[in-house]
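**Student:** 3D model of this:
(chains A, B, C and D)
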There are 2 protein chains.
Amino acid sequence: MHPNINKNEFKWLRRISMKFINRRDFIRIERSSVSLAFKKGETILKQGEQPSHVVYLERGIVKFSYQNEAGKNLILTIVAAPKILGGANLFYKDNNLFSFVAVDDCDVVLIDAQVLLSVMENNAKFSIMLFQLASGMFKKSILNFISLAYKQKEGRIADIIIYLSAEVYNSRDFTLTLTRRELAEFAGCSTENVIMTLSKWQNENVIAAEGKQLQIIDMERLKHISKIA
Amino acid sequence: MHPNINKNEFKWLRRISMKFINRRDFIRIERSSVSLAFKKGETILKQGEQPSHVVYLERGIVKFSYQNEAGKNLILTIVAAPKILGGANLFYKDNNLFSFVAVDDCDVVLIDAQVLLSVMENNAKFSIMLFQLASGMFKKSILNFISLAYKQKEGRIADIIIYLSAEVYNSRDFTLTLTRRELAEFAGCSTENVIMTLSKWQNENVIAAEGKQLQIIDMERLKHISKIA
DNA sequence: GAAAAAGTATTAAATATTTAATGCTGTTAT
DNA sequence: ATAACAGCATTAAATATTTAATACTTTTTC
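**Tutor:** Just a heads-up that it's a prediction; the model follows:
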């Protein structure tokens, strides 16, 4: 699919794993893994496929993309490196519920699920640590979903802007790697809604939006909108 | 809080655990647990509290209830016994994200989280099994949320009716233990919407609704509504 | 480098959803 | 027993959201 480009570094994963598993097991995982680079827009793992690997995202931004029965694309969440993706898939033997798509150029390591599972079976604390990581991500998605499911347009859009700032770009002034359409797929509304809402907030001096550049000027106001809408 | 009423039976939990942990560990868990009975409407575990126990639901139906910043009640999901609740809470040390409220009379066993965790630390396979259980529940909630977040009213209501039939009451003809208001909190719409939609489907012979009694007459139709709406 | 495609933006009309007002029914508390 | 309350139901008006039509800009493709 893609050439083996970057070195198998595993920096973050190594740091968090070394407390729990020995060097031999770590090397076993490393040996059975493949490093790949994905360009913006490429699919790392496809919805419906049998999950044979766990994805370790080393660099870049990834969207969790879901296509519903009507063929409509939805974005469940967006995450930035470093992160382990597909934890739930690993432990629940079923087809992938959604796709992982690169939103930015990404470096990922595909870890063989069988090998990882066999290391886990001999290292309870390592398993629990991975479980905790997955639970933390789960918790964040739940909050995202609560916003999506029970708030209306403005509250949802405010929430994703705050989320992107806090969890993905780590700044109040960032260059969006998502299109307005993708923002809409994430916020569960139409593209027009996103565009109009951003324009409105621009006029009200809540944000400054110039093409892909987005700056949150009045975070308090945005949080207030998130609360009331 | 509540008197210790029923015997500490653990039937289902014992069955699924015995493959993984020895009798001594199981008894350790059992000894540190408390059996309680909750009446319809009572809160088993409250949003915002520190999670010190994992809840094993032995009998009854429980709603996962969330109160948002605006004070509005939302139902995240509804589950029937037997089931382990609060897996994610166990492994992610943070306050409870939501409450568990009895929707029916319930028998539950509160398992001491510290004891369970220490047993898990010595039994990797047991940990992985619990992880798999939690992942399965996670996956179902995700599908619920996708429906809530990206479908409109009729599709969402169709989905929760199908869900209740398949996962909670295990029949196409059941006595609702939820009020219309609770259905609305689950579907993320107003009570009026639920009432009107059910009336409409009643007229169209998709369902038969007589007070608390609900029968799905035309499941195909309902699934079709779920798809297109 | 030009043509085509995708992204951004705005508006008006059509549709969906919530809110508010009202009445009926059955249950609970005193 | 009855007043008070919660649940169920219906309608109309107010509000929110999507769809459709159109235009301009930027990016991609040949």
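**Student:** make it CA atoms for all contacts and neighbour counts henceforth
**Tutor:** OK.
**Student:** Pull the contacting residues for the residue nearest the centre of chain A.
**Tutor:** By Cα atoms, centre = their mean, the mean C-alpha position of chain A lies nearest to A:Val79, the distance being 2.4 Å. Listed by Cα atoms under 8 Å, 6 or more residues apart in numbering or on different chains, the contact partners of A:Val79 are A:61-63, A:167-168.
**Student:** tell me which parts of chain A are close to chain B?
**Tutor:** A:69-70, A:74, A:76, A:88-89, A:91-92, A:97, A:120-125, A:127-128, A:131-133, A:135-136, A:138-139, A:145-146, A:148-150, A:188-189, A:227-228 (Cα under 8 Å from any Cα of the partner chain).
**Student:** now, which of those residues lie within helices?
**Tutor:** A:88-89, A:91, A:120-121, A:124-125, A:127-128, A:131-133, A:135-136, A:138-139, A:145-146, A:148-150, A:227-228 (DSSP state H).
**Student:** still on that earlier bit, tell me if the residue nearest to the centre of chain A really is in a strand.
**Tutor:** Yes: per DSSP: H, G, I helix; E, B strand; the rest coil, A:Val79 lies within a strand segment.
**Student:** Give me the pLDDT for it.
**Tutor:** According to the prediction, A:Val79 has pLDDT 93.
**Student:** now A:Tyr92
**Tutor:** On pLDDT, A:Tyr92 comes in at 60.
**Student:** Narrow the contacts of A:Val79 to those that are buried.
**Tutor:** For the contacts of A:Val79, a burial check counting by 16 or more other Cα atoms under 10 Å in any protein chain shown picks out A:61-63, A:168.
**Student:** Among the residues you listed, which lie within helices?
**Tutor:** Per DSSP H, these never map to helices.
**Student:** Now tabulate those in a markdown table and tack on distance to DNA strand C and pLDDT.
**Tutor:** Output for the buried ones among the contacts of A:Val79, formatted as a markdown table (distance: Cα to the nearest atom of the strand, whole Å; pLDDT from 0 to 100):
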| residue | distance to DNA strand C | pLDDT |
| --- | --- | --- |
| A:Ile61 | 16 | 95 |
| A:Val62 | 16 | 94 |
| A:Lys63 | 14 | 93 |
| A:Val168 | 18 | 94 |
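**Student:** ok so, going back, just the buried residues from the ones in helices among the residues of chain A next to chain B, in PyMOL please.
**Tutor:** Applying 16+ other Cα under 10 Å to those leaves a buried subset, and the PyMOL line that selects it is:
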select buried, chain A and resi 88+89+91+120+121+124+125+127+128+131+132+133+135+136+138+139+145+146+148+149+150+227
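**Student:** Just flag the most distant two among the buried ones among the contacts of A:Val79.
**Tutor:** Farthest pair in these (Cα to Cα) is A:Lys63 and A:Val168. Separation: 10.8 Å.
**Student:** Overlap in contacts, those two.
**Tutor:** The contact lists of A:Lys63 and A:Val168 share A:78-79, where a contact means Cα under 8 Å, 6+ apart.
**Student:** Domain map for chain A?
**Tutor:** Residue ranges for the domains of chain A, per automatic domain parsing: A:11-145, A:151-228.
**Student:** looking at those domains, which is closest to B:Phe20?
**Tutor:** For B:Phe20, the closest of these is domain A:11-145, at 11.3 Å, according to Cα to Cα.
**Student:** what are the pairing partners of the one helix or strand A:Ala37 maps to, and which direction each?
**Tutor:** Counting by DSSP states H and E, the element that carries A:Ala37 is strand A:34-38. Its sheet considered, strand A:34-38 pairs with strand A:106-112 (antiparallel) by DSSP bridges.
**Student:** Report the backbone C-alpha coordinates of the strand it pairs with in PDB.
**Tutor:** Listed in PDB are the C-alpha atoms of strand A:106-112, where the atom choice follows Å, rounded to 0.1, in the frame of the first residue of the first chain:
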ATOM      1  CA  CYS A 106       0.600  11.200   9.200                       C
ATOM      2  CA  ASP A 107       3.200   8.800  10.400                       C
ATOM      3  CA  VAL A 108       1.600   5.700  11.800                       C
ATOM      4  CA  VAL A 109       2.700   2.300  13.100                       C
ATOM      5  CA  LEU A 110       0.500  -0.700  12.400                       C
ATOM      6  CA  ILE A 111       0.800  -3.100  15.300                       C
ATOM      7  CA  ASP A 112      -0.100  -6.700  14.800                       C
END
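**Student:** outside of it, which residues touch it?
**Tutor:** For strand A:106-112, contacts defined as Cα under 8 Å, 6+ apart pick out A:6, A:8, A:10, A:29-30, A:32-40, A:52-62.
**Student:** Mind checking which of these are in strands?
**Tutor:** For the contacts of strand A:106-112, the ones inside strands are A:34-38, A:53-59, A:61-62, with DSSP state E as the criterion.
**Student:** Most neighbours among these, which one is it?
**Tutor:** A:Val62 (27 neighbours; other Cα atoms under 10 Å in any protein chain shown).
**Student:** isn't that one right up against A:Ser99?
**Tutor:** No: the pair A:Val62 / A:Ser99 is not scored as a contact, 9.8 Å apart, by Cα atoms under 8 Å.
**Student:** could you give the angle of the strand holding A:Ala37 to strand A:53-59?
**Tutor:** Orientation note: strand A:34-38 sits at an angle of 60 degrees relative to strand A:53-59 (axes from the mean of the first three to the mean of the last three Cα atoms, to 10 degrees).
**Student:** Next, see if strand A:34-38 gets close to DNA strand D.
**Tutor:** No: using Cα under 7 Å from any atom of the strand, strand A:34-38 stays clear of DNA strand D, coming no nearer than 14.7 Å.
**Student:** what does stretch A:186-205 give?
**Tutor:** Yes: Stretch A:186-205 reaches DNA strand D (Cα under 7 Å from any atom of the strand) through A:188-193.
**Student:** Any of those buried? List them.
**Tutor:** Counted by 16+ other Cα under 10 Å, the residues of stretch A:186-205 next to DNA strand D give A:188-189, A:191, A:193 as buried.
**Student:** What's the first helix or strand after the lowest-mean-pLDDT helix or strand in chain A?
**Tutor:** Within chain A, no helix or strand scores below helix A:87-91, which has a mean of 60 by mean pLDDT, DSSP states H and E. Proceeding N to C from helix A:87-91, the next assigned helix or strand is strand A:99-102, under DSSP H and E.
**Student:** For that following strand, list every residue counted as buried.
**Tutor:** Under 16+ other Cα under 10 Å, the buried positions of strand A:99-102 are A:99-102.
**Student:** TSV for the residues you listed, including pLDDT and distance to B:Lys46?
**Tutor:** Formatted as TSV, the buried residues of strand A:99-102 follow (pLDDT from 0 to 100; distance: Cα to Cα, whole Å):
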residue	pLDDT	distance to B:Lys46
A:Ser99	90	34
A:Phe100	91	35
A:Val101	93	37
A:Ala102	93	39
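**Student:** Return the member of those nearest to B:Asn203.
**Tutor:** Of these, the one sitting nearest to B:Asn203 (Cα to Cα) turns out to be A:Ser99, at 40.0 Å.
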